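J.: sequence and computational prediction follow.
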Amino acid sequence: MAAAAAQPRNGGEDYISELPEVLLSDILSRLGTAEAARTVVLSTRFRDAWLATPLRLDDLELPTPARGNVPSIEPWTARADAITRALASHRGPVVLFRLSRTTFRGRVPAAEAWFRELATRGAREVSLRCSPEWCHEARADPLLGSPTLEVLALGKCRLTDAGASAAAAARLTELTLSETSLSEAALQSVLSGCPALRRLMLKHVHGLQRIRVCSCRSLVFLGVWHYKQLEEVTVEDVPCLERLLGNMRLNAAITITGAPKLTALGYVVASIPMLFHGETAPADVNKGLRAPILSVTILAISVKFSKKEDVEKVISLLELFPFLETLHVQVISET
C-alpha cells in the first residue's frame, strides 16, 4: 500500500514543468535567494525561467559557508565571492540587492564592480546594512546615476563630488546614508539629482558642517543623527515635510522656513547654547527675532536640568510652539 501511495497520480505527469514560462518566472520571483537557486536545478525549464526572472539577492537568505569548505578565507568573505558569482550567472535585471552580513574586506574592487552593474541592470532597491567596519569606504557613485533606483541605503561608503554632480536617480524616494563620507557640495548635488525624494536619513555622515535641505518639493521625512561638529541645519522651501527627527545633539543654528506641514520635531538638545529660527517674517529678520512655528504639534527635547538656566532655556524654546500637543522630554544624565 505504501509503495502504491508513493506513485505519482495521473501517470506521473509533471504539470508544473508544463506551466507557461511566465508563471514559472512568477513562482521563482516569490522565493528567497537560496530557495530559488535550489529550484532552478530541477529542470532546464526552471533554469531558463530563472534567467528571465528579475534577481532578488539578499545575503540573509544565503547559507553561511562552512569553515571546512573555505579553509583560507572567512565565511563573510566567501559570501562576497558567492555574490559575485550570482551576479555573473544571472545577467538579467536585479531588482533587490540587500547585504547585511557580507564584508568588503579584501573585496572593495569587487564591491565597486557590483555597484556599476546594479546601476545598469534595473536595480530598484540597494541596501547595505552591514556593520560599518565591513564596507571599507567602497565608492558608490554609480548608484546615484541609476534611473530605476527607488531605495538606496549606504553604510560606510564614499560619494565623491564628481559622482554626486552626475546624480540622476529620478525615481529615488528613500535615501539613507550611514557613516558615509560626503561633502556639503555633494549633498546639494544629490538632492538636486533626486527630485522624487520623500525620505532622507543622515546618520553620522562625515564631511558635513552644514546641512542645507532646500527646495525639496517631495520630501516628507528628514532624519539627522549625532553631529558633534555641525554648525547649521537649514530647511527651506520643503512644503511636504512632516517630520524632522533624529538626535540633534549639536551647538548649531537651526533654521526652518517654508515647511507648513511640519508637525513633529526632535530630539533637540536644549541644555547647550543654541540658535533656533522658525517662520520669520521678512521685517523681523534683521531684528533677529524668533517667530513661532505654528504647525508643530509634537516636540521631543533632551535636557540636563542641572542649572536654572536649563529650565529657562526649555521654557524659551517651548514659546516657539504655541500649538504643541505632545512633548517628549529626555533627561540627560550628568555622568
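T.: Looks like it came in fine.

J.: show me where pLDDT drops low in the stretch 201-335 of the chain?
T.: Confidence mapping of the stretch 201-335 of the chain against pLDDT under 70 gives the ranges 249-252, 269-291, 334-335.

J.: can you give me the helices for it?
T.: Using DSSP state H, counting those that start in this stretch, the helices of the stretch 201-335 of the chain run over 282-285, 308-318.

J.: reformat these into a markdown table and put mean neighbour count and distance to Leu191 next to each item.
T.: Where C-beta positions appear, they are placed from N, C-alpha and C, glycine not excepted. Shown next, in a markdown table, are these (neighbours: other Cβ atoms under 10 Å; distance: least, Cβ to Cβ, whole Å):
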| stretch | mean neighbour count | distance to Leu191 |
| --- | --- | --- |
| helix 282-285 | 9 | 24 |
| helix 308-318 | 13 | 28 |
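
J.: quick one: the ones you listed as CSV, columns for distance to Ile211 too.
T.: Listed next are the helices of the stretch 201-335 of the chain as CSV, based on distance: least, Cβ to Cβ, whole Å:
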stretch, distance to Ile211
helix 282-285, 21
helix 308-318, 20
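
J.: hey, which helix is longest across the chain?
T.: Counting residues, the longest helix found in the chain (DSSP state H) is helix 75-89.

J.: gap between the two ends of stretch 161-180?
T.: Terminal residues of stretch 161-180 are spaced 13 Å apart (Cα to Cα, to the nearest Å).

J.: model confidence over it, on average?
T.: When pLDDT is averaged over stretch 161-180, the result is 94.

J.: which parts of it are buried?
T.: Using 16 or more other Cβ atoms under 10 Å as the test for burial, stretch 161-180 gives 163-165, 167, 169, 172-180.

J.: verify the contact between Glu184 and Leu202 for me.
T.: No - assessed by Cβ atoms under 8 Å, Glu184 is found out of contact with Leu202, at 11.7 Å.

J.: now for the two: what residues contact both?
T.: The contact sets of Glu184 and Leu202 overlap at Leu208 (Cβ atoms under 8 Å, 6 or more residues apart in numbering).

J.: one step back: mind listing what the very next helix or strand once past the longest helix of the chain pairs with, with the direction of each?
T.: Per DSSP states H and E, the first helix or strand lying C-terminal to helix 75-89 is strand 94-99. Here strand 94-99 is paired, per DSSP bridges, with strand 55-58 (parallel), strand 125-128 (parallel).

J.: picking that back up, now intersect the buried residues of stretch 161-180 with the strands, please.
T.: Among those, the ones falling in strands (DSSP state E) are Glu174, Leu175, Thr176, Leu177, Ser178.

J.: and the helices of the stretch 201-335 of the chain: which comes nearest Pro195?
T.: Closest to Pro195 of the helices of the stretch 201-335 of the chain is helix 282-285 (Cβ to Cβ; 27.7 Å).

J.: which elements pack onto the longest helix of the chain?
T.: strand 55-58, helix 108-120 (3 or more Cβ pairs under 8 Å, 6 or more residues apart in numbering; DSSP states H and E).

J.: of the ones you listed, which stretch is the most buried?
T.: Most buried of these by mean neighbour count (mean count of other Cβ atoms under 10 Å) is strand 55-58; its value is a mean of 20.

J.: and Arg98, which of the helices and strands packed on helix 75-89 is closest to it?
T.: Comparing the helices and strands packed on helix 75-89 by Cβ to Cβ, strand 55-58 comes nearest, at 4.5 Å.

J.: give the rounded mean pLDDT of the closest one.
T.: On average, the pLDDT along strand 55-58 is 86.
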